[in-house]
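Undergrad: Sharing a model that was predicted from the sequence below.
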Amino acid sequence: MELHITGDAAADQLLSDDAFALLTGMLLDQQVTMESAFAGPEKIRTRLGSLDPGTIADYDPAGFVEVFKERPAVHRFPGSMAGRVQALAETVHREWDGDTTAIWTSGDPDGAEVLRRLKALPGFGDQKAKIFLALLGKQCGLQAAGWREAAGHYGEDGSYLSVADIVDPESLAKVRASKQAAKAAAKAAKAPNA
């Protein structure tokens, strides 16, 4: 698996090689660009010297916020997002013995079970869990039965709705266009009738 999400070779390599980095990037993907969110794990790894879930879980919380604040910042909301990343790391460390891939491989789960496990993670609601499930299926070789159905419209081939569909600059442009169209439609739906 070779992911091309951030436009930064080192950040993309880490996402390709480290399942916790990919999970963390997905967690950070809110209120910032996708590229910035998924580049966050490389910034954390560079500053801490590790992206091990146990290391992050045990790190001093105030110190971890400072890691997020260091320029360039990991996220525009360093305090809350540092706390969420530590909570995610603690869950992976304690409940999955530090093995992030166990979330989608342990016990040979089907797509619905993988989705349930993802939704149980701190910071992963229904939509984020479905997008990550689609990313696992479309780009990371997940073969769990029914993953496309569990991922909903994010699992459809050629949907270009999320990070799960980004493989190059052209697909990034298609995803951006679909997101802009969805925002415009939502804004139009909220507008009072003239």
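TA: Ah, there it is.

Undergrad: Identify the residues contacting the longest helix belonging to the chain?
TA: Determined from DSSP state H, the single longest helix within the chain is helix 169-190. Here helix 169-190 makes contact (CB atoms under 8 Å, 6 or more residues apart in numbering) with 34, 159, 160, 161, 162, 163, 165, 166. Where you see a C-beta, it was placed from the backbone N, CA and C, and this is true even at glycine.

Undergrad: ok, which pair from these is furthest apart?
TA: 34 and 159 (15.4 Å; CB to CB).

Undergrad: pLDDT score assigned to the residue nearest to residue 10 when sequence neighbours are not counted?
TA: For residue 10, ignoring the flanking residues on the chain, the nearest one in space by CB to CB, 6 or more residues apart in numbering is residue 42 at 5.6 Å. What the model reports for residue 42 is a pLDDT of 97.

Undergrad: how near is residue 42 to residue 79?
TA: Using CB to CB, to the nearest Å, residue 42 is found at 21 Å from residue 79.

Undergrad: quick revisit: and of the contacts of helix 169-190, the nearest to residue 20?
TA: Nearest to residue 20 among the contacts of helix 169-190, with distances taken as CB to CB, is residue 163, at 16.4 Å.

Undergrad: The residue nearest to that closest one when sequence neighbours are not counted: how many residues sit nearby?
TA: Among residues not flanking residue 163 along the chain, residue 34 sits closest, at 5.3 Å (CB to CB, 6+ apart). Per other CB atoms under 10 Å, the neighbour tally for residue 34 reads 20.

Undergrad: With residue 55 instead?
TA: Residue 55, neighbours per other CB under 10 Å, totals 14.

Undergrad: Show me which of residue 42 and residue 79 is the more surrounded one.
TA: residue 42 (23 against 14).

Undergrad: Report the central residue of this structure.
TA: residue 26 (1.1 Å; CA atoms, centre = their mean).

Undergrad: Show the pLDDT at it.
TA: 97.

Undergrad: how about it, secondary structure?
TA: Judged by DSSP: H, G, I helix; E, B strand; the rest coil, the three-state class of residue 26 is helix.

Undergrad: That one: what's it in contact with?
TA: Counting by CB under 8 Å, 6+ apart, the residues that residue 26 touches are 37, 38, 124, 128, 131, 132, 135, 163.

Undergrad: Between which two of those is the distance greatest?
TA: Maximum distance among these (CB to CB): 15.4 Å, for 38 and 124.

Undergrad: more crowded one of those two?
TA: The residue with more neighbours, out of residue 38 and residue 124, is residue 38; 28 against 22, by other CB under 10 Å.

Undergrad: Skip the chain neighbours and tell me the closest residue to that one.
TA: Per CB to CB, 6+ apart, closest to residue 38 is residue 25, 3.7 Å.

Undergrad: gap between residue 89 and residue 192?
TA: 45 Å.

Undergrad: Show me which of these two is the more surrounded one.
TA: residue 89 (28 against 4).
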